[in-house]
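Student: Next comes the sequence, and after it the predicted model I'd like to discuss.
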Amino acid sequence: MMLKDAVGMALTTIRTQKLKSFFSLLGVLIGVTFLIAVVSIVQGMNVYMEDQFANKLVGLNTFQLRRMPNFTDASEEQWREWSRRPRINYVEADFVESRMQTPAIFSRFCSERLPIMWNGTTAKDVDVWTADAPMFRIKNLDIEAGRVFTPQEAQAGMAVVVVGWEIAEKLFKGADPLGKNVAIEGLPYRVIGRMAKQGNLFGISLDKFAVVPFDSPVHRAACRSGFMDEFHVRADNVVGMKAALAETEEAMRIQRRLKPQQEDNFAMQTAEGALEGWNKISAILMTALPMLVSVSLVVGGIVIMNIMLMAVAERTVEIGIRKALGAKRRDIMAQFVVESATLSTVGAGIGILTGIGLAFAVRSLTPLPAAVAPWSVVLGVSLGVAVGMIAGIYPASRASRLDPITALRAE
């Protein structure tokens, strides 16, 4: 029997015995669906966490010099120890900048949730950043209207502000905010720019913030005088960032007079560090995935084997006729292996479509992204073929060993 005939016979069986075929395909279908859906969501999350989470919150080729890490699952005892560290101060930031040999840009940074008022309307809990002028480049912040404040305005501590998209919409309700005076912590600030819309991160708005010069009057509400929450350093590329990290660590250890055996009493947070927690979760999911999928595939293979054994019993006379007409053992065996592989592959195909549909449903209905990995589709088809062939070997071998005379008398 030719390959296409065996495949056609298997497809005919699926069409004529829908319920039996459905249950025979169910195990493979569930396994492949789970494989495609989980891999798609994890792959999408990897891209999302890198592009949106890490690069938005930390910055590309950027690190933050801080008193303690801000993305970690440390114990309570560790947190208490970190909280006793000294905060980063102006002298240390200036020393790091003066010793830096790697081309880089720098910005001091503090933040505080404060209300912003204009014309009787209040935007509450706005994340007000006090930062130096390079912060807009460090964070890749796009301006939709107006401009950012200049280094001269920042150095002079001018009372100017660049507002996020959501703040502009809430306070000014479609009106042009440029040139308007708003009140931050009761202090007047002139709006000189409006940020482009950034969207949400896991349902949390990225547009509910405002940026003012680090030395402007509201700084005293966001930071203690002489100290900062973070000192941001951005290099031109990854190699430059790693060099800048080493230079910053050296400068801080010199400035704080740390002995060689003493640990750093400061932290340097990179985008990779911010992703550390997610990478652990991703690794666990990808490690557990083969085990979970294999359970479904083994169950599916056993079901397909039983279905094929039933098929052999039902078609005993057919097998006897074929052997009487000269069919060899390998012909009979190939027929049933191909039929079994076809059944399993159809289940895998349906599982791939279901998994892709499930992944896109998750992306549409939740903040979680999904990106279908081509390799997972190829793997799904390969698993379908492999499970079907393995499951079909024993029934096919049993069919090929039937004696043609005994088979013809079976009825």
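Tutor: Cool, the structure landed. Residues are numbered from 1 along each chain as shown.

Student: Pull the contacting residues for the closest residue to M389 other than its chain neighbours.
Tutor: If the residues on either side of it in the chain are set aside, M389 comes closest to A341, at 4.7 Å by Cβ to Cβ, 6 or more residues apart in numbering. (C-beta placed from N, C-alpha, C; glycine too.) By Cβ atoms under 8 Å, 6 or more residues apart in numbering, A341 lies in contact with 384-385, 388-389, 392.

Student: same question, S296
Tutor: Per Cβ under 8 Å, 6+ apart, neighbours of S296: 27-28, 30-31, 34.

Student: now do M195
Tutor: 141-144, 162-165, 168, 207.

Student: now do E153
Tutor: With Cβ under 8 Å, 6+ apart, E153 has these contacts: 133, 160, 213.

Student: quick one: which of these is most hemmed in?
Tutor: When neighbours are counted by other Cβ atoms under 10 Å, P213 leads the contacts of E153 with 27 neighbours.

Student: List the backbone torsions phi and psi for that residue.
Tutor: phi -60, psi 140 (degrees, to the nearest 10).

Student: which residues touch it?
Tutor: Applying Cβ under 8 Å, 6+ apart, the residues near P213 are 130-133, 149, 153-154, 156-158, 160.

Student: Look up phi and psi at the residue nearest to M389.
Tutor: Residue torsions, per degrees, to the nearest 10, at A341 are phi -60, psi -40.

Student: now it: how far from S376?
Tutor: 20 Å (Cβ to Cβ, to the nearest Å).

Student: swap in A222?
Tutor: 46 Å.

Student: Would you map the strands across this structure?
Tutor: 62-66, 88-89, 104-118, 121-131, 143-146, 160-163, 181-184, 187-195, 200-201, 204-205, 209-213, 227-228, 230-235, 267-270 (DSSP state E).

Student: Pick the most deeply packed of the ones you listed.
Tutor: strand 160-163 (a mean of 28; mean count of other Cβ atoms under 10 Å).

Student: Residues in contact with it: which ones?
Tutor: 116, 136, 143, 146, 148-149, 153, 171, 177, 182, 184, 189-195, 210-213, 216.

Student: switch to 6 Å and redo it
Tutor: Contact with strand 160-163 is made by 148-149, 153, 189-194, 210-212, as judged by Cβ atoms under 6 Å, 6 or more residues apart in numbering.

Student: Widest-spaced pair of those?
Tutor: E153 and R194 (16.7 Å; Cβ to Cβ).

Student: Torsion angles phi and psi at P260?
Tutor: Torsion angles, degrees, to the nearest 10, at P260: phi -60, psi -40.

Student: Do you know the pLDDT at it?
Tutor: P260 is assigned 88 on the pLDDT scale.

Student: give me the number of residues near it?
Tutor: 5.

Student: Repeat that for D94.
Tutor: So D94, with other Cβ under 10 Å, has 14 neighbours.

Student: Is R329 in contact with R401, as I believe?
Tutor: No. R329 lies out of contact with R401 (Cβ atoms under 6 Å); the separation is 7.2 Å.

Student: Okay, the nearest residue to S397 once chain neighbours are set aside and R322: tell me how far apart.
Tutor: Among residues not flanking S397 along the chain, M333 sits closest, at 6.2 Å (Cβ to Cβ, 6+ apart). Using Cβ to Cβ, we find M333 at a distance of 12 Å from R322.

Student: Ok, R80 next?
Tutor: From R80 to R322 the distance is 79 Å (Cβ to Cβ).
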